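Asks: Mind folding the following:
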Amino acid sequence: MNSTKSQSAYVVAVSRDFIAQHFLFGGDWGLENELHSHHYKVEVQLEGVALDQHGYLVDIVEIEAALEELVAHYRDQTLNDLPEFSGLNPSIERLSRFFCVAFSERITAPNIGTVTVRIWENEIAWAAFSRERH
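Replies: Predicted coordinates for the structure are as follows:
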């Protein structure tokens, strides 16, 4: 986002990890075309310009509960078999979008402006998706 006016924001983030399987189709990606596991790390990051009456952007307990619920949905699953990936390659880009939308819907804090989900599929490769909540 290019803006002529810069705005400061608070940021809070929590991460978890999980193992899930997938395979890619529609191209020749070698071993990625075969069922295999990834040890994913997911980080949810929330941004907002105002704190609540307790001095929180959002209570970390609420973040952890929503994050754990979503991680449980994906943990030990074959991503290709999940309804959200029906007919789609389960790339980390798509996984980060599905995760972000679902996570954003679970957070009730009204002062959250942006939710970003970053997912690593290994130590060096990650993808992210951000969603405005205004």
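
Asks: Now do the same contact list for the residue nearest the centre of the chain.
Replies: By CA atoms, centre = their mean, the mean C-alpha position of the chain lies nearest to Val117, the distance being 3.2 Å. By CB atoms under 8 Å, 6 or more residues apart in numbering, the residues touching Val117 are Val42, Glu43, Val44, Gln45, Ser96, Arg97, Phe99, Cys100, Phe103, Ala128, Phe129, Ser130. Every residue, glycine included, has its C-beta placed from N, CA and C.

Asks: Now do the SS call for His38.
Replies: strand (DSSP: H, G, I helix; E, B strand; the rest coil).

Asks: Mind listing the residues bridging to it?
Replies: Beta-bridge pairing for His38 (DSSP bridges): Ala20.

Asks: Could you verify my assumption that it touches Phe23?
Replies: No: counting by CB atoms under 8 Å, His38 stays clear of Phe23, with 11.1 Å between them.

Asks: quick one, strands of this structure?
Replies: 10-22, 36-48, 114-120, 126-132 (DSSP state E).

Asks: mind listing what the last one pairs with, with the direction of each?
Replies: What it means is strand 126-132. Using DSSP bridges, the strands paired with strand 126-132 are strand 114-120 (antiparallel).
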